[in-house]
Structure formats: structure tokens, C-alpha cells
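1. got a predicted structure plus its sequence, pasted below:
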Amino acid sequence: MSMTVALLLLTFIIFIVYIFKGGNMMIGFFVMALLWTVIGRISLHTAVNDIFSQSVLDYGATIVQIVFGSWFGRVLVDSGIAASISRAAAKFGRGRIMLTAIAVVLVTAVIFSSAYGAGSVLAVGVIILPILLELGMPKQVALTTFLLSVGSTLYINLVLFKQIQGFFPKADYAGSYLIFAGAAVAVQLVAIVIYLLINQHKFTPEQAELNRIEFKLDQGGDQAVEKVINPISWLVPLVPVVLSIAFQMPAVPALTIAGLLAMLLTGEFTRGYDRFQNFLDNSIKRGVGDISGLIMFLLVLMMFQGAAKANAAAFVPLFEAIVPHSTLVLALALGILAPLALARGPLMVFGAGAATVAVLSGLNIFPDSVLLPLLYVPTVMAMSTDITQSWNVWGMGYLDVKPNELIKNGVPVMWVVTIINEVLVWFIIGK
């Protein structure tokens, strides 16, 4: 092992420790980009023009799609569609606890098949979580159920796919990937239902009463505000996915059409120009505001990704010796090691895994069409259960759930899901 590789690995390990101790991710990645540029002896011209400029500019198109996705998520919430779907599910299953719980899971999954961002999760969470608590679920089970439901359809979420596609530009949202994504969604939803069935004995009237007292559910708050919504609008969250799959429509026009359709069906178009203008302006401001920190984080992450790619050749001899050339073996290894994605670890593409992505891509052993889903799976595990994920942090604070309780409830479920879905990547795409 050369001195350069040794120093790169040392700084990488220090970075992981920094993350586990709660260090600022954006600052950490910027410092890592600088360190890897210096340690790798990258020329000043390459550093200035490629690592800290072009790598950021190349991600611009993805940022635009993320902005439109967050805006659409905000439209779903502010128009009342998300709340209407949730309450309809609760009324449908009234008196039937498990049926209601499963309905709420499916509703949440449908919403986040296209909505994305911490703001959308928070806005939907304040509607969904009280419903689950009213069913008599312990707060730990309610939070885990909600967060796993949010994560269940991220495989088909265009906004997240476009973010990860930035690491694997040759992968497509089509063909075998969509077959895999549909199967992966089904696996996670089935796992959530099994999780609910295992914990069903805890859903008691006594627990429901304790929840009402602890969380003051009878006082209403946001739950008391209900807007009459045309049931046809409940299909709007699926519109971007359908347009993309059926008509191969790019994300921006698909999300724009869906957003305008949401406003049309909920009357925001027909109640005067001033009202429409105010709604549009507010949804844009809040939607972009929801992801302003995420945008800067991703752009800095691209700087580190650029530095990692520039140093990828140095890792080739080391990783060629340890990385399996079999897709099945790699899939099983990533599934078994999936908890390394937690705390923004080396299997989370929006964390230390950015370096893992760069090195695996640089080896040219596996095509982007295989690497993207292989790394997508542990990333979804992290987004569903990681105690450092922004909306998971909010959920723990909102319900006063301790980090170890979320880990205890969520990680075992998602670990099994991840292993199964990694095998599905091999079976459907990499076989």
C-alpha cells in the first residue's frame, strides 16, 4: 500500500469518526475534498476547474429536479391533498385497527412515491402520527411504522433517483431498474405489515388513552382543520411516476403537471387570481426553503466526489484484491454489511459512502446500472432508520422517542429488507 493510499484511508477513518460524533456533514465533506486534493497531489488547475467547479456545475440539473420535487411535495401538503388521503384512510378503517394501520402505511407510501424532502415528511408526519397513536400504538412502534413507510417507495421516487443517478450517470430510470424497484417497494411494505402484526398485541385501548393524554390528541390542533377535497385528487401523488414510466417524461415537466393538476383539483386555480398567486408563491418559498440546506450539502458533496474520483486510480490495486467480481457475492456482502450505511457511514451514498461509490465506479468491474441499485438499497435503509437523518431526528423529537428505541425497532426490520433487496438486484439486474 502506497503512502498516498494510507493517508487517504486515514483521513477517511477520521472523517467517519467525526460523523459518528455528530460533526457537521457539509463542513466535513468540504475539508475532506481539500485534504484529498492535497494528499492526492492533484494539480491546481484540475482542483480549481474540475473538483471545485465542474463537478458542482454538472450536478446543477439534478438540483433543479430536487427543487421541483420539493415544491410538488409542498403543494400536496398545502393544498390539503395529503391530509385528505390520510383522514380518508383513517375513516375507512375505523374500528378495525390493523386495517387502518395498513391503510395509513399504504397512504404514506403513495405520498412519498413522488413527494420528497424533510419539509414534506414533517408536514405529513403531523397528520399521520396522531392517527397511529389513536390506534393505541406505542409511540416507538408508531414512529418506526411511519418512517419505514416513508422509505418504502423511495426506490421509485424520481427526486431521490435523480440525486443518486448523479453518482451513476449511465443508469436509467427504466427497464429492469423499475422491475427491481417495484419488487423492492413490495418487500419493504410486506416487512412493515409483518412488523405491525408482530406488535399487534401492544395496540390496546389503554395505550391509546395514554397517547391521548401524553400528546394531547383530543385538543385537535392541526387535526381539527379539515379541507373538503375532491377524492379524484388522491391520485395526484402517482401522476409524476405514471408520466415518467408510461410516457418517459422527464422529471421537471412531470412534477410541474402534477403540481398544477393538484392546484386545479383543490380549487386553488378557481378562487381568484390573487389567491392562486399567493398559494403558488408560498408553496415555492416553503418548498425551496425545505431543502435549502440539502442543496448546499449536495453541492459540497459533489466537490468531495470529484476529489474521490481524482484519487480513485490509487485505490485500484487495493480494491481489486478485495472487491468480489461476482454480482451475487457483492450483493450479499453489501446486504450483510448494510448497517455501515447508518450514521452516514461508508455505504450511505450521501455520507462517507461517496468515496465508496467513487472507488467502485473507478474499478470498472460493474456497470452503473448494477452499482446504482446495489448502493441505493443500503441508502434507503439509512434514510428509513438512521438517527442522523433529518426527518428521523424530527420524528424522535416530536414523539419523544430515544435513538436506541428507533434503532431497536427499525434496524432489524430494514436489515432483513436490505439483504432481500440486494439479492433482488442480482436476480433482476445483475444475474
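-> Arrived safely.
2. what stretches of this protein score poorly on pLDDT?
-> Across the chain, the ranges flagged by pLDDT under 70 are 1, 90, 93-94, 217-227.
3. give me the most central residue, it.
-> Residue closest to the average C-alpha location in the chain (CA atoms, centre = their mean): M383, at 5.1 Å.
4. next, that one: secondary structure please.
-> helix (DSSP: H, G, I helix; E, B strand; the rest coil).
5. contacts only, for it.
-> G151, L154, Q389 (CB atoms under 8 Å, 6 or more residues apart in numbering). In short, each C-beta sits where N, CA and C put it, glycine included.
6. which phi and psi does the last one have?
-> When read as degrees, to the nearest 10, the backbone of Q389 gives phi -70, psi 130.
7. let me see the contact set for F180.
-> F180 neighbours (CB under 8 Å, 6+ apart): Y155, P373, L424, V425, I428, I429.
8. check contacts around D386.
-> So D386 contacts A341, L342, A343, R344, M348, N392 (CB under 8 Å, 6+ apart).
9. ok, and the closest non-adjacent residue to the fourth one?
-> Ranked by CB to CB, 6 or more residues apart in numbering and with sequence neighbours excluded, the top spatial neighbour of R344 is G351, at 2.7 Å.
10. next, count neighbours for that neighbour.
-> Neighbourhood size, G351 [other CB atoms under 10 Å]: 27.
11. residues in contact with it?
-> I19, M25, A341, A343, R344, G345, A382.
12. by neighbour count, which of the contacts of M383 wins?
-> Neighbour counts for those (other CB under 10 Å) peak at G151, which has 30 neighbours.
13. hmm, back to that, now, which of the contacts of M383 sits nearest F72?
-> Comparing the contacts of M383 against F72 with CB to CB picks out L154 as the nearest, at 15.0 Å.
14. mind listing what that closest one touches?
-> F112, L160, V380, M383.
15. spatially nearest residue to the second one (excluding sequence neighbours)?
-> Excluding its sequence neighbours, the residue lying closest to L160 (CB to CB, 6+ apart) is L154, at 5.1 Å.
16. which SS class is the one you found?
-> Classified using three-state DSSP, L154 is coil.
17. tell me how far it lies from Y376.
-> To Y376, L154 is 8 Å away according to CB to CB, to the nearest Å.
18. my guess is V241 meets L158, correct?
-> Yes: V241 lies in contact with L158 (CB atoms under 8 Å); the separation is 7.0 Å.
19. now for F269, how many residues are close by?
-> 17.
20. ok, S120 to G73 distance?
-> 3 Å.
21. ok, the two, which is more surrounded?
-> Neighbours were tallied for S120 and for G73 using other CB under 10 Å; the higher tally belongs to G73 (32 against 28).
22. check which helix or strand the more buried one maps to.
-> In this structure, G73 is located in helix 60-78 according to DSSP states H and E.
23. buried residues, that helix. List them.
-> 62-63, 65-78 (16 or more other CB atoms under 10 Å).
24. quick one: M98 and L196 touch, right?
-> Yes: between M98 and L196 there is a contact under CB under 8 Å: 6.7 Å.
25. settle it for me: which of these two has more neighbours?
-> In terms of neighbours (other CB under 10 Å), L196 is the more surrounded of M98 and L196; the figures are 21 against 14.
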